[in-house]
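Colleague: fold the following and give me the result.
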Amino acid sequence: MLRAEGQRRDEASERIDYSGGFVAKPRKRFAEQRIAGLCSRHIGPVATVRTADLNARILQATRHAPSSARHGTTRKLAE
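Modeller: So this is what the prediction gives:
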């Protein structure tokens, strides 16, 4: 919005406390893809496909308390 109001990229990035590249990225996507370029994007690893085997392993792990602790933790469950 700051760019649409006529502020330069460095002015806009300084005002919102982000890098110039961060400010320029949506503008470039909009120029290339128009409205579709403004849709949110997942940045990170691709989600794991949940199979029946994976579901069974997760359920099995949650039914038993770990031997080294009084209660389970997300890290222990991940192991």
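Colleague: so how far is Gln33 from the residue nearest the centre of the chain?
Modeller: Closest to where the C-alpha atoms of the chain average out (Cα atoms, centre = their mean) is Ile43, at 4.6 Å. Per Cβ to Cβ, to the nearest Å, Ile43 is found 17 Å from Gln33. Any C-beta I mention is one placed from the backbone N, CA and C, and that applies to glycine too.
Colleague: how about the residue nearest to the centre of the chain, secondary structure?
Modeller: Under the three-state scheme (DSSP: H, G, I helix; E, B strand; the rest coil), Ile43 adopts coil.
Colleague: wait, Phe22 sits on Ser13?
Modeller: Yes: look at Phe22 against Ser13 with Cβ atoms under 8 Å: they come within range, at 6.8 Å.
Colleague: next SSE after the helix or strand where Asp10 lies?
Modeller: Element membership for Asp10, per DSSP states H and E: helix 9-16. Sequence order places helix 20-33 as the next helix or strand after helix 9-16, per DSSP H and E.
Colleague: where does the chain have low pLDDT?
Modeller: Flagging of the chain using pLDDT under 70 yields the residue ranges 1-4, 65-72, 77, 79.
Colleague: ok, now with 90
Modeller: Along the chain, segments meeting pLDDT under 90 span 1-31, 33-51, 54-55, 57-79.
Colleague: so how far is the helix holding Asp10 off the chain centroid?
Modeller: Counting by Cα atoms, centre = their mean, to the nearest Å, helix 9-16 is centred 23 Å from the centre of its parent chain.
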